[in-house]
Each structure stands twice: as C-alpha cells, then as structure tokens.
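# Generate coordinates for the sequence data below:
(chains A and B)
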Amino acid sequence: MDTPMEELFNKIVREESEKLYWHVRRMVSSHEDADDILQEVFIKVWAALPSFRGDSSMSTWVWRIATNEALNFLRREKVRAALRFTSIDAETERKILADPYFNGTEAERRLSCAVARLPEKQRQVFVMRYWDDLSYEEISAITGTSVGALKASYHLAQEKIRLNLSDSNVSK
Amino acid sequence: MTKHSDIFTPEGYMENLQDRLLQIPAAEKRPGLVTRIMPYIAYAASLVLIAAAGNFILRKTAVSTEEVSPSEDWTYMSYLAQSLDSDCMLPELPEYTLTEDDIVNYLVDDGLTLEELVSYEENY
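Here you go, the predicted model:
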C-alpha cells in the first residue's frame, strides 16, 4: 500500500520523467549522462518531497531540480576538461558526433553542436524555449530569472547559433 | 512531429525508466529519526570520550615543579649523565689501535720534557 508521499512521487514520475529526460538529454548531449542525471534528480525529488513548501507548482519545483542538476553536471565536465588541458567544446562536439542515438540530419547535428557551445545560461534558456516548448513565464518560474532577461538571453543565443552555423558553412 | 525527432533512446527505454524511477521510494526508505541522528550522537560521544581521556592522562602525568624533591632531581640528573656517557650516545668511530709511535708523538707534541718522563718512570 503506497503512502500519500509515494503516490505523489509516482504521479510526478509518470507526468514529468519523459519531458525531463529530453530536457536533460538536450542539456548534456548524451543519453547515458542524461540517464544518470535523471536517476539523481528523482532521488533528490524523493528526499526533498517532505520539505516541499508549495511556493511554486510541483512541476516547476521538479524542473528546477532537474535543470540545476544538468547545469552542475556541465560545470563538473568543464572542470574535468580543464584538468586534462582539453577544450570542453571539443569534448562535447566529439560526444555529439559519436552519439549512437542520433538519427537527424547534418544540419540538426550542427545545431546541437552550436547549442552545446553556448554559455550555460543561454543554453538552458534555448533548450527550454526551442526544444522543450516552455513559455517564458514557465522558464522564469523555473530559473528565477525575469522574462525580460530570458528574452534577451534567448535572442543572444539565437544570434550566436546563427553565427556559429554560418561560420561552419563557410569552413565546409 | 516532435521536436526531438533527431535523437532517440534505446528500445523500451522510457517504460524501463519509469519503472526504475518508481522503485526509488522503496530503495531509499527514509530512516527513522534515531537512525538519522545516530552518526551525530556517535561523533559527539567520541569527542567527549577523547576529551575525558586527554584530561585523565594529563592529570596523571603532570607533575608540578614544587612536587619535585631535590633527591628526585639529582636522580634524574645522574641518569641523564649516565646516558650521555654511555657508548650508545657516542658516534661510532672506526676501530684504531694505538701504536707506541702515536703515544710518543702525542707526548712530544704536548710539550712533555725528558725530565718529566724520567721522573714518571722512576716513580711508577
């Protein structure tokens, strides 16, 4: 017999796990890493569930945990790359090119590489807006950033991606 | 058409993922209050124990200067002198046998006169 807490947790898993998987996968560019991170996210959700105060919606709260976990992963990767004297962009690009669970076009692959090169905040906003289809208001609730700042970040991200793609077209 | 059409997951992954995530509450059963605070209690107890043991040892071994009698002080000094005299305190020197020439050279260099030497031989 499930306790009310377990029932709530099960509901979160059924409603959010798939959407969160795609979000984390886009953020970290790897199926294996996304899988590990998602497991961690839901362990944290379960541990913190009794202290959830209801200041935001349950969905917003879970997304906040997931996106923070993904950002922490990216930071750790950046530090690891620095210790090995390698470029994190090159590492991520190598990961995307070798991804066995990718069946898109060359343009889509280049888009993924360009997004992976974005600074983490811009990458987060771009992934949430472009791929996760979240509204600015939803992203604002999750990230705690104002809608205006998010729009500016998204615009900057688009510009950088455009520039990156045109550069890679020229160099082709 | 989904926006994630360019990436995919292994066959049956999503169903498997949900099943795995649903197992988390059973695997991470929340321990009771006593179990949760037990490490802190153990840590605090060990600190108290170390402090008590330290205090006990200090009390047992500490001797105030007034309590040292002159005889104890002398005994210690004798012991120290003995230790300093013992062979173990000296650096190990290479074995060397003194020859007569060595003795002669030493005495001559030291300024011993012939008269002193003769007088020594006569008396001893």
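
# Report the buried residues of stretch A:44-56.
Under the neighbour-count criterion of 16 or more other CB atoms under 10 Å in any protein chain shown, stretch A:44-56 has A:44-46, A:49 buried. The way it works is simple: take the backbone N, C-alpha and C, and place the C-beta from them, glycine included.

# Kindly report the same for stretch A:69-77.
A:69-71, A:73-74, A:77.

# and the residues you listed, which of them are in helices?
A:69-71, A:73-74, A:77 (DSSP state H).

# just to revisit the earlier point, between the buried residues of stretch A:44-56, which is closest to chain B?
Chain B lies nearest to A:Trp46 out of these, by CB to the nearest CB, at 5.0 Å.

# now, the most widely separated pair of the buried residues of stretch A:44-56?
Within the buried residues of stretch A:44-56, A:Lys44 and A:Leu49 form the most distant pair, 9.4 Å apart (CB to CB).

# out of the buried residues of stretch A:44-56, who's near chain B?
A:Trp46 (CB under 8 Å from any CB of the partner chain).

# leaving aside the residues next to it on the chain, what's closest to whichever residue of chain B sits closest to chain A?
Across chain B, the shortest distance to chain A (CB to the nearest CB) belongs to B:Asp6, at 2.5 Å. Of all residues not flanking B:Asp6 in the chain, A:Gly104 sits nearest, at 2.5 Å (CB to CB, 6 or more residues apart in numbering or on different chains).

# The one you found: how many residues sit nearby?
A:Gly104 is flanked by 16 other residues according to other CB atoms under 10 Å in any protein chain shown.

# So it sits against B:Phe8, correct?
No. With contacts counted by CB atoms under 8 Å, A:Gly104 stays clear of B:Phe8, the gap being 9.5 Å.

# Break down the chain into its helices, ranges please.
You didn't say which chain, so I picked chain A. Under DSSP H, chain A gives helices at A:4-28, A:31-48, A:58-83, A:88-97, A:106-116, A:120-126, A:136-143, A:147-171.

# Chain B is the one I meant
Assigned by DSSP H, the helices in chain B fall at B:13-22, B:24-27, B:33-61, B:70-85, B:100-109, B:114-123.

# ok, the residue of chain B closest to chain A - contacts?
B:Asp6 sits next to A:102-105, A:108-109, A:112 when contact means CB atoms under 8 Å, 6 or more residues apart in numbering or on different chains.

# Now rank those residues by neighbours and give me the top one.
A:Ser112 (22 neighbours).

# State the pLDDT value of the nearest residue to that residue once chain neighbours are set aside.
Computed as CB to CB, 6+ apart, the closest residue to A:Ser112 that is not its neighbour in sequence is A:Ile96, at 5.1 Å. Confidence at A:Ile96, expressed as pLDDT, is 89.

# and what of B:Val118?
B:Val118 carries a pLDDT value of 62.

# Check B:His4 too.
80.

# which residues sit in contact with the closest residue to it other than its chain neighbours?
The shortest distance from B:His4 to any non-neighbouring residue, by CB to CB, 6+ apart, is to A:Trp22 (5.2 Å). By CB under 8 Å, 6+ apart, the contact set of A:Trp22 is A:131-132, B:4.
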